[in-house]
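**Student:** Output the structure for:
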Amino acid sequence: MFVVHGVEDLESLYREHVHALLGYAARRLGDPNEAADVVAATFLAVLERPGGFDPARGTARSWLFGITANLIASRGRRRGAEFRALHRVYGQRTLAPDDFAELEARVDAATAATAVLAGLDDLPPAERELFLLVSLDELTPGEAAQVLGITASAARMRLARARRKLVPLVGEGSTCPS
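**Tutor:** Here you go, the predicted structure:
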């Protein structure tokens, strides 16, 4: 088994094979600068695993070419993953300042809606039903009164009580849904 025992062994390997590896990597990658990076990474891998060469499996030259080929393949896989990631976001525009305001408004509305839904459970059934008819089913208080069999003035009073109980859950400056 060949082991890199020092700078002399690595220098010998480097001097003997660097030009062939550079040519191979440049042909595969099409860019001499990338080829130089891959060849440098090849010799770095040799340094990191000095006992990695097994003469029973081939020559030192084929071992170095194998390391280089693996690094080139790894680079290709990484580039493919980057390309797919860029393709997924291609065409998606960046958010404008107005978009942030809209997103904040949506988040605030969702938070308020969650608070109102939680507060609905605490309302008496008659107030809850009236509130839902007006807010979700979009009936007028008079129409909701007809559905519930109560007077329009009773419906307006119940709706006002329900809103008074729900507005604090939504927060200051907000209005409770109709």
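**Student:** Need phi/psi at residue 122.
**Tutor:** Taking degrees, to the nearest 10, you get phi -90, psi -10 for the backbone angles of residue 122.
**Student:** what about the closest residue to it other than its chain neighbours, distance to residue 150?
**Tutor:** Counting by C-beta to C-beta, 6 or more residues apart in numbering, residue 122 lies nearest to residue 165, which is 7.1 Å off, once chain neighbours are set aside. C-beta here means a position set from N, CA and C on the backbone, and glycine is covered the same way. Going from residue 165 to residue 150 by C-beta to C-beta, to the nearest Å gives 18 Å.
**Student:** Give me the contacts around the host helix or strand of the residue nearest to residue 122.
**Tutor:** In this structure, residue 165 sits in helix 152-170 according to DSSP states H and E. Around helix 152-170, the neighbours that count as contacts under C-beta atoms under 8 Å, 6 or more residues apart in numbering are 112, 115-116, 118-120, 122-123, 126-128, 130-131, 134, 141-142, 144-145, 148, 150, 174-176.
**Student:** what about that helix, distance to the chain center?
**Tutor:** Helix 152-170 sits 42 Å away from the centroid of its parent chain (C-alpha atoms, centre = their mean, to the nearest Å).
**Student:** what's the single longest helix in this structure?
**Tutor:** helix 60-89 (DSSP state H).
**Student:** so what secondary structure elements neighbour it?
**Tutor:** Applying 3 or more C-beta pairs under 8 Å, 6 or more residues apart in numbering; DSSP states H and E, one finds that helix 60-89 contacts helix 7-29, helix 32-48.
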